[in-house]
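1. attaching a predicted model along with its sequence, questions to come.
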Amino acid sequence: MKALAIKKSWLTKSDLRLDAAYHLSEGQLTLATFENLGIITLPLCNVTERIFYGGRSKRVYINNPEYGLPFIKGADIIKSDFSGLKYISKKKTANLQEYYLEEGWTLITRSGTIGNTAFVNQDFIGKAASDDIIRVVPKTVQSGFLYAYLSSKYGKALITHGIYGAVIQHIEPEHIQNIPVPIFPIEKQNEINELIRKSAEQKVKAKANLNQAFAHFDGAYKSYLGYRNIFSKNIKKFNFSWVGRNNDVFAEVVSETIRNSNFAQLNEIASAIFAPPLFKHIYLSTNNGYVFYTGADLAKSFRRPVRYLSQKGVNRISDYTVRDNQILVYKSGPRDGMLGKVFLSDKNLHGSCLSDHVIRIEIENETLRNWVFAFLKSQVGLRQLHNIATGTAILFIAPERLGAMAIPMPDSHAN
């Protein structure tokens, strides 16, 4: 049970609200903290040039990237990459300029999962963004500092403090314009701004390097990229399934081409390929367990621990903890969702627990591990992964089938 003694002035400021949930909310507690500490603040509208959302005209989606713009929805802003975005027509979308973003803005989701934030770096430029995203344009405070504050637990608590709506909670620009922004000494603002700016630049460089690595494989097999959803196939060449999605001609031609060159099956170069069994999730409210990430958390550009897993209910906790030498493959879901998404474990993930929906691939050699990651992460690799997914209502990738996948090998690792 939570208890809090409130001041009479709080009732006046809240239009005489008496419900405990309101006064015990993170937003109210944040406001009380600012007041008790005597922190100098200014309303968000006083330190910004504009707080608005973009174009709300009818959108026309197209398949040809040459005539369209990648379209960023609210759920996309926290993703680590923008692969798989849909395209809206440049010609048939009214007021297209209102959809664009500018570097240094802070983005805030205003519906669905509200309060998610992103800092606009070069990866956002040249793309269109949904009106479900509020744009915050800084004026008298540093852009990185403002983003860092609005992304902190205090900033998010105040953003979500004004939510409304019964089914889909949402906010409007006017609901956040009076959020108090603490005014730190300029030296501290500059320090925070510099950290955010450097982080944004490093993300752009990292993404460019990754795209270059993926392009090696996509370029090698680009002649087969024309195959799509409709094709003909000799019945004698059907494999483990007669379902169309498991007989992708593109994937099979690529696999055959790989097997006719220097290749290895994945299970021949990996020391382990496995997905832990299902288990009962017992979450702890405080940080006295294992940090736990879902598969969706892996796709985020910034992961903040919010769940802690108790060892109770788990037979072998070591099967669920992530290690540095692992490639992670999400094994279930729709083909236009998380199915077949590939990630590389890092220091941030090391020692944390991960969903049983994620297959672990362990390859000791770092160079070879990165090579396999780049192949699986490429368009060619994703198509291979989708081709081995089975199931009816929910598709899934079995570790055994993944282990039998042919991987093109670099010359330095020839069999």
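-> Arrived safely, thanks for sending.

2. next, residue 125: phi, psi?
-> With angles defined as degrees, to the nearest 10, residue 125 sits at phi -70, psi 140.

3. where does the stretch 151-300 of the chain have low pLDDT?
-> 162-168, 223-247 (pLDDT under 70).

4. try it again at 50.
-> For the stretch 151-300 of the chain, the stretches with pLDDT under 50 are 165-167.

5. tell me which stretches of it form helices.
-> Along the stretch 151-300 of the chain, counting by DSSP state H, counting those that start in this stretch, helices occupy 153-160, 173-176, 186-220, 249-259, 266-269, 295-298.

6. ditto for the stretch 301-415 of the chain
-> Assigned by DSSP H, counting those that start in this stretch, the stretch 301-415 of the chain shows helices spanning 366-377, 379-387, 399-403.

7. out of those helices, which comes closest to residue 308?
-> With C-beta to C-beta as the criterion, residue 308 lies closest to helix 399-403 of the helices of the stretch 301-415 of the chain, at 27.1 Å. For the C-beta atoms, the positions are set from N, CA and C on the backbone; glycine is no exception.

8. quickly, which of the helices of the stretch 301-415 of the chain bottoms out on average pLDDT?
-> Ranked by mean pLDDT, the helices of the stretch 301-415 of the chain bottom out at helix 379-387, with a mean of 89.

9. and that one, what does it pack against?
-> helix 186-220, helix 249-259, strand 342-344, helix 366-377 (3 or more C-beta pairs under 8 Å, 6 or more residues apart in numbering; DSSP states H and E).

10. follow-up on the earlier one: wait, which of the helices of the stretch 151-300 of the chain is closest to residue 281?
-> When these are compared (using C-beta to C-beta), the closest one is helix 295-298, at 13.2 Å.

11. give me the contacts around that closest one.
-> 303, 328, 330, 338, 341, 343, 354, 355, 357, 358 (C-beta atoms under 8 Å, 6 or more residues apart in numbering).

12. can I assume the second one is in contact with residue 346?
-> What it means is residue 328. No. Under the criterion of C-beta atoms under 8 Å, residue 328 is not in contact with residue 346, lying 10.3 Å apart.

13. which of those two has more neighbours?
-> residue 328 (22 against 11; other C-beta atoms under 10 Å).

14. distance-wise, check the more buried one relative to residue 146.
-> 33 Å (C-beta to C-beta, to the nearest Å).

15. then residue 282?
-> For residue 282, the distance to residue 146 - C-beta to C-beta - is 38 Å.

16. mind listing what residue 380 touches?
-> With C-beta under 8 Å, 6+ apart, residue 380 has these contacts: 217, 218, 220, 221, 254.

17. if you set the cut-off to 6 Å instead, what comes out?
-> 217, 218, 221, 254 (C-beta atoms under 6 Å, 6 or more residues apart in numbering).

18. with residue 190 instead?
-> Taking C-beta under 6 Å, 6+ apart as the definition, residue 190 has no contacts.

19. hmm, back to that, looking at the helices and strands packed on helix 379-387, which is closest to residue 85?
-> Nearest of these (C-beta to C-beta): helix 186-220, 13.6 Å.

20. list the contacts for the residue nearest to residue 214 when sequence neighbours are not counted?
-> Excluding its sequence neighbours, the residue lying closest to residue 214 (C-beta to C-beta, 6 or more residues apart in numbering) is residue 378, at 4.2 Å. By C-beta under 6 Å, 6+ apart, the contact set of residue 378 is 214, 217, 218.

21. switch the cut-off to 8 Å
-> 214, 215, 216, 217, 218.

22. are any of these buried, and which?
-> 214, 217 (16 or more other C-beta atoms under 10 Å).
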